[in-house]
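Trainee: Task: produce atomic coordinates for the following.
(one chain, ligands or ions: 2)
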Amino acid sequence: MDGANLTTARLEIRDLCRDFGGRPVVRGVSLSLQAGQVTGLLGPSGCGKSTTLRIIAGVDQQTSGEVWIDGQQVAGAGVFVPPEKRQIGLMFQDFALFPHLSVADNVAFGLKGSRTEKRLRVRELLEKVGLARFIDSFPHELSGGEQQRVALARALAPRPSIMLMDEPFSGLDNRLRDGIRDETLGILKEEGAAVLLVTHEPEEAMRMADEIALMRDGQIVQSGAPYNIYNAPVDLNAAAFFSDVNVITGVVEGALTDTAFGQFLAPGVPDGAKVDIVIRPQHLKIDFDRGGKGPSPTHDHGVWARALVDRARFIGKESLVDFRMEGDGSILTASVPSVFLPQPGTPLWIAIRRDRCFVFRHSDKPGPDAPSP
Ligand SMILES: Nc1ncnc2c1ncn2[C@@H]1O[C@H](COP(=O)(O)OP(=O)(O)OP(=O)(O)O)[C@@H](O)[C@H]1O
Ligand SMILES: [Mg+2]
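Mentor: Ligands and ions are numbered 1, 2, ... in the order given. Sure, this is the predicted structure:
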């Protein structure tokens, strides 16, 4: 590895802001990317992801803040390096190939050098994306997925040190997408570019990124490895962006809140304030009713509470079971691997994995970013 990379980020954004007509759209975004690293910029529609990317690429300009590439400032007060001098590869959702150019000429489009050098690089990339046999074909002779891979080859051809990808897989059907995501990731890693991948799909971000920056309302609200972001969200919205969640609201007294599942710690929350205990559906545990009795409390699961099945659905890998809690009539949803379809009205006992709960101070403000449909 290049020694400089250990200290100098390949791409660094410092306190980037962008207003449109006085409306702040990007509000103090800072990010740092190393060579060979894939960062997923994840967030709901309209939160400012594409605007951030456009400023990095140099096709839009910030209101304030700085962009640095390999220790050199390319955007900032009085500094503007034009897009073509930034060594950035771009791949957007509406990646149009040039219809009148062959696959080879499309890939060679941004390349400099002799004909032979270009031909070699084009062949190398088309082999990487598994399309060498289409070298002399035209775009209309290729499927959507094949065109996507040509677009990737075209973006990578000039060996960009940074790749910016804006929802590059969203035009593909589901089954094609997984394969192309994995292939693309392999190629990006081989090429060693620093990659910023914009997506509003948590699964895509987790599948591809080494690090996720979660964006909301123009700001990065949390960043970290996918595992950490999923398992230690900063707030209810961050938790709910990655999966459906159950929310049990309680009132705090003496740093504790009482629920049907026993007491939960709410450190630092004043008496009388509300907290939300948040739990993903896969972390509910279910047990059978034994003549009105449930299992005894355990350290891992706390107190078990009785509930009646409201509805059960099989959705492939798992079943989703909605329960009506016997105490307050609230509905909780459990996901159970494989097939589990109890009849509505069946009494069951449920508990929650206490190590998988998140306790947050309750906010009455509705989340600006409920998970995208
Ligand atoms: N040129 C512009 N003029 C005015 N408003 C703009 C402009 N470009 C973007 N916006 C606004 O800025 C906000 C953020 O837009 P942006 O395209 O960055 O969102 P996004 O996070 O990429 O969303 P999506 O997931 O839907 O692509 C939006 O409300 C958008 O309407
Ligand atoms: Mg966008």
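Trainee: Read off the pLDDT value for the residue of the stretch 51-200 of the chain at minimum distance from ligand 1.
Mentor: Going by C-beta to the nearest ligand atom, ligand 1 is nearest to Thr51 of the stretch 51-200 of the chain, at 3.3 Å. The C-beta positions use only the backbone N, C-alpha and C, and glycine is treated the same way. You'll see Thr51 listed with a pLDDT of 96.
Trainee: packing partners for the strand or helix carrying it?
Mentor: Using DSSP states H and E, the element containing Thr51 is helix 49-57. Judged by 3 or more C-beta pairs under 8 Å, 6 or more residues apart in numbering; DSSP states H and E, helix 49-57 is in contact with strand 11-20, strand 23-33, strand 38-42, strand 88-92, strand 162-166, strand 194-199.
Trainee: looking at those, which is closest to Gln263?
Mentor: Among the helices and strands packed on helix 49-57, the nearest to Gln263 by C-beta to C-beta is strand 38-42 (34.2 Å).
Trainee: How far off centre is the closest one?
Mentor: 7 Å (C-alpha atoms, centre = their mean, to the nearest Å).
Trainee: Can you spell out which helices and strands pack onto it?
Mentor: Against strand 38-42 (3+ C-beta pairs under 8 Å, 6+ apart) you get strand 23-33, helix 49-57, helix 174-191, strand 194-199, helix 202-208, strand 211-216.
Trainee: how about 7 Å then?
Mentor: strand 194-199, helix 202-208, strand 211-216 (3 or more C-beta pairs under 7 Å, 6 or more residues apart in numbering; DSSP states H and E).
Trainee: Mean neighbour count, those: which tops it?
Mentor: Ranked by average neighbour count under the criterion mean count of other C-beta atoms under 10 Å, the helices and strands packed on strand 38-42 are headed by strand 194-199 at a mean of 26.
Trainee: So which other helices or strands are in contact with that strand?
Mentor: Right, strand 194-199 is packed against strand 38-42, helix 49-57, strand 162-166 by 3+ C-beta pairs under 7 Å, 6+ apart.
Trainee: change it to 8 Å
Mentor: Applying 3+ C-beta pairs under 8 Å, 6+ apart, one finds that strand 194-199 contacts strand 23-33, strand 38-42, helix 49-57, strand 162-166, helix 202-208.
Trainee: Just list whatever residues bridge to Val278.
Mentor: Val247, Phe358 (DSSP bridges).
Trainee: how much space between it and Val234?
Mentor: 12 Å (C-beta to C-beta, to the nearest Å).
Trainee: Please identify which of the two sits among more neighbours.
Mentor: Taking other C-beta atoms under 10 Å, Val278 and Val234 do not tie; Val278 has more neighbours (21 against 14).
Trainee: hang on, the earlier thing: looking at the helices and strands packed on strand 194-199, which is buried most?
Mentor: Scoring the helices and strands packed on strand 194-199 by mean count of other C-beta under 10 Å, the most buried comes out as strand 38-42, with a mean of 26.
Trainee: angle of it against strand 194-199?
Mentor: 30 degrees (axes from the mean of the first three to the mean of the last three C-alpha atoms, to 10 degrees).
Trainee: Now look at strand 38-42 and say if it contacts ligand 1.
Mentor: No: figure legend: strand 38-42 not in contact with ligand 1 (C-beta under 6 Å from any ligand atom); closest approach 8.5 Å.
Trainee: Setting the sequence-adjacent residues aside, check what's closest to Phe95.
Mentor: Spatial nearest neighbour of Phe95, excluding adjacent residues (C-beta to C-beta, 6 or more residues apart in numbering): Ala151 at 3.8 Å.
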